[in-house]
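Visitor: Predicted coordinates and the sequence they were generated for:
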Amino acid sequence: MPIGEFGGAPPLAAEGSPVLTTPMYWMYEMAHASLNPARAVTDATKLLFQNPLNPWARTEVGKSVAAACELFERTTRRYGKPEWGLDDTEVNGLRVPVEIRSVWEKPFCRLLYFDRKFTRPLRSPQPRVLIVAPMSGHYATLLRGTVEAFLPAHEVYITDWADARMVPLSEGRFDLDDYIDYIIEMLHVLGGNTHVMAVCQPSVPVVAAVSVMEARRDPFVPTSMTLMGGPIDTRRNPTAVNNLAQERGIDWFRNHVITKVPFPHPGMMRDVYPGFLQLNGFISMNLDRHMDAHKQLFANLVKGDGDLVDKHRDFYDEYLAVMDLSAEYYLQTVDTVFVKHSLPKGEMTHRGTLVDPSKVTRVALMTVEGENDDISGLGQTEATHGLCSSIPDHRRVHYVQKGVGHYGVFNGSRFKSEIVPRIHDFMVSAANPKSLQALAAE
């Protein structure tokens, strides 16, 4: 599985020496287990001071004790994979139930279909869109708002990436080449007439997958490709994230963030970039903001402001739920995308074959960026247009959303009101050259 002239994914840390590579994860697990007695006492104390029969429950002291107990519980728990919570949607003014089911599955991913249960068929088919979610620490449910925004007017599928610590070692390794293969297989399962949309990190493997399919003249190539806030060329307007990877180099990441999954997880002894380390990075970037948010949670619990408390819980239940990443995939991605810039340099390969985006001719291209994106800087996603040079001008669109950062590119009010309608129009027009030419002119 070569990558450019470097011969393949970087070797894993201390291969064959689990004693040297596992302590970090083992210590985390032991620390978490050691808190179980304290958590049990805290839960009992919280119930005691929330019991309406306890006269202290209505006092400032009692409410403060219960609030402190909840903060302790929330900051020491391990957050599991969140639920989608998308039970229905509105289509043409009517509420329609939604059933979420898996239509394709491999060890490291499931393809989920949000099946809208219509009582009568639609008059005309709606665009079928495959949303490729980031495999970068959080679960695919981070795109709940993205899916929700597309459901009323689209047939929606999404990649549901697996937590590497839950995949037995016997299932083999998973790297960037496998990621690209997965995308190609999913497009084959969907059987053509599909629009693919990559959110952030998957932009590079999606471009690679489409390029490979075009080079093979694959009949199941997608109708259109939409890339949102993706790091296609991180040399353009580099952010702090890009600079960190460039300064540290792949050896630093291999030696400092890769460890082995400990017992009793199903993926025991698998090399991973663990979720708890990723979460530490997420939080440390905005530590003051997270501390203020939890101080405010304490104050709202004491005041009994249920709406603000629920809002905090919903956000952090999602934000603090993280998963482990396969080490070979993580290291190969950092090396290919952020250190060597293999795709924009024309050096990226897949299974030994050069990835050539100029082969893309049948797929319409749309790129979306946020004006204030501090993860994928302005111009990094737009660079795709220069790489996919064979796509006619009238079949390509670039859009910059004013006033939003990275998260606002795929979620939030401006995403729903300004970005989604543009993507919808682009997808509907993708099969009609005249319509797409008029859209590009706008």
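Guide: Here it is on my side, so go on. Residues are numbered from 1 along each chain as shown.
Visitor: strand partners of the longest strand along the chain, parallel vs antiparallel please.
Guide: If you go by DSSP state E, the chain has its longest strand at strand 94-106. Sheet pairing here is set by DSSP bridges, and for strand 94-106 it gives strand 88-91 (antiparallel), strand 109-116 (antiparallel).
Visitor: So which bits of the shortest one are buried?
Guide: If I follow you right, that is strand 88-91. Within strand 88-91, the residues scored as buried using 16 or more other CB atoms under 10 Å are 89, 91. Every C-beta, even on glycine, is put in place using the N, C-alpha and C of the backbone.
Visitor: what's in contact with it?
Guide: Applying CB atoms under 8 Å, 6 or more residues apart in numbering, the contact partners of strand 88-91 are 95-98, 116, 118, 122, 148, 151-153.
Visitor: From the centre of the chain, point out the most distant residue.
Guide: What lies farthest from the middle of the chain is residue 55; by CA atoms, centre = their mean that is 46.8 Å.
Visitor: Distance-wise, check that residue relative to residue 48.
Guide: 12 Å (CB to CB, to the nearest Å).
Visitor: low-confidence ranges in the stretch 51-200 of the chain?
Guide: Within the stretch 51-200 of the chain, no stretch has pLDDT under 70.
Visitor: just the helices in it please.
Guide: Assigned by DSSP state H, counting those that start in this stretch, the stretch 51-200 of the chain shows helices spanning 60-76, 144-150, 176-190.
Visitor: Look at residue 295 and say how many residues are nearby.
Guide: 11 (other CB atoms under 10 Å).
Visitor: can you check residue 312 too?
Guide: Residue 312, neighbours per other CB under 10 Å, totals 18.
Visitor: pLDDT score assigned to it?
Guide: pLDDT, residue 312: 92.
Visitor: Could you do residue 438 as well?
Guide: 51.
Visitor: before we move on, what about residue 30?
Guide: Looking at residue 30, the pLDDT reads 88.
Visitor: now swap in residue 11 and tell me
Guide: The predicted local confidence for residue 11 is 43.
Visitor: what's the answer for residue 14, then?
Guide: For residue 14, pLDDT reads 44.
Visitor: quick one, domains of this structure?
Guide: 15-78, 88-241+327-440 (the TED database).
Visitor: can you pull out the strands in this structure?
Guide: Remark: strands assigned in the chain by DSSP E are 88-91, 94-106, 109-116, 128-132, 155-161, 195-199, 224-228, 259-260, 271-273, 325-326, 349-350, 353-354, 364-370, 396-401.
Visitor: could these go into CSV alongside distance to residue 27?
Guide: Converted to CSV, the strands of the chain look like this (distance: least, CB to CB, whole Å):
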stretch, distance to residue 27
strand 88-91, 45
strand 94-106, 32
strand 109-116, 30
strand 128-132, 35
strand 155-161, 26
strand 195-199, 34
strand 224-228, 38
strand 259-260, 10
strand 271-273, 15
strand 325-326, 20
strand 349-350, 38
strand 353-354, 43
strand 364-370, 38
strand 396-401, 43
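Visitor: Residue 181 is nearest to which of the ones you listed?
Guide: strand 349-350 (8.3 Å; CB to CB).
Visitor: So what's the gap between that closest one and the chain middle?
Guide: 23 Å (CA atoms, centre = their mean, to the nearest Å).
Visitor: repeat for stretch 286-300
Guide: Worked out by CA atoms, centre = their mean, stretch 286-300 lies 25 Å from the chain centre.
Visitor: And the furthest pair within the contacts of strand 88-91?
Guide: Maximum pairwise distance among the contacts of strand 88-91 (CB to CB): 18.9 Å, between 122 and 148.
Visitor: So for these two, which residue has more residues nearby?
Guide: The residue with more neighbours, out of residue 122 and residue 148, is residue 148; 18 against 11, by other CB under 10 Å.
Visitor: what's the spacing between that one and residue 89?
Guide: 7 Å.
Visitor: cool, and residue 390?
Guide: On the measure of CB to CB, residue 390 and residue 89 end up 37 Å apart.
Visitor: before we move on, what about residue 181?
Guide: 32 Å.
Visitor: Residue 346 too?
Guide: Residue 346 is 42 Å from residue 89, by CB to CB.
Visitor: Then residue 150?
Guide: 9 Å.
Visitor: Isn't residue 46 up against residue 64?
Guide: No - with contact defined as CB atoms under 8 Å, residue 46 does not count as touching residue 64 (11.6 Å).
Visitor: Same drill for these two, tell me which one is more crowded.
Guide: Set residue 46 next to residue 64 and count neighbours by other CB under 10 Å: residue 46 wins out with 18 against 15.
Visitor: Can you tell me, leaving aside adjacent residues, what's nearest to that one?
Guide: Excluding the flanking residues, the one nearest residue 46 by CB to CB, 6 or more residues apart in numbering is residue 69, at 3.7 Å.
Visitor: in this protein, which residue is closest to the centre?
Guide: Note: the chain centre (CA atoms, centre = their mean) maps to residue 134, 2.6 Å.
Visitor: That residue contacts residue 204, doesn't it?
Guide: No - in this structure, residue 134 is not within contact of residue 204 by CB under 8 Å, at 11.2 Å.
Visitor: Return every residue with contacts to both of the two.
Guide: Residues touching both residue 134 and residue 204 (CB under 8 Å, 6+ apart): none.
Visitor: the helices in the stretch 201-350 of the chain, which residues?
Guide: 203-215, 240-256, 275-285, 287-303, 306-319, 327-333, 342-345.
Visitor: out of the ones you listed, which comes closest to residue 264?
Guide: Nearest of the helices of the stretch 201-350 of the chain (CB to CB): helix 275-285, 16.4 Å.
Visitor: Any figure for the gap between the closest residue to residue 406 other than its chain neighbours and residue 252?
Guide: Among residues not flanking residue 406 along the chain, residue 375 sits closest, at 4.1 Å (CB to CB, 6+ apart). From residue 375 across to residue 252, the span is 20 Å (CB to CB).
Visitor: ok, the closest residue to residue 125 other than its chain neighbours - how many residues close by?
Guide: Spatial nearest neighbour of residue 125, chain neighbours left out: residue 155 (7.7 Å); criterion: CB to CB, 6+ apart. Residue 155 has 20 neighbours, counted by other CB under 10 Å.
Visitor: so what's residue 187 closest to, chain neighbours aside?
Guide: residue 220 (5.2 Å).
Visitor: Return the residues in contact with the one you found.
Guide: 187-188, 190-192, 194, 213.
Visitor: Return the set of residues that bridge with residue 399.
Guide: Here residue 399, judged by DSSP bridges, has bridge partners residue 368.
Visitor: Give me the buried subset of the contacts of residue 220.
Guide: By 16+ other CB under 10 Å, those give 187, 190, 194, 213 as buried.
Visitor: which of those sit farthest apart?
Guide: Most distant of these, by CB to CB, are 190 and 213, 12.6 Å apart.
Visitor: circling back: next, format the strands paired with strand 94-106 as CSV and append distance to residue 34.
Guide: Listed next are the strands paired with strand 94-106 as CSV, based on distance: least, CB to CB, whole Å:
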stretch, distance to residue 34
strand 88-91, 43
strand 109-116, 34
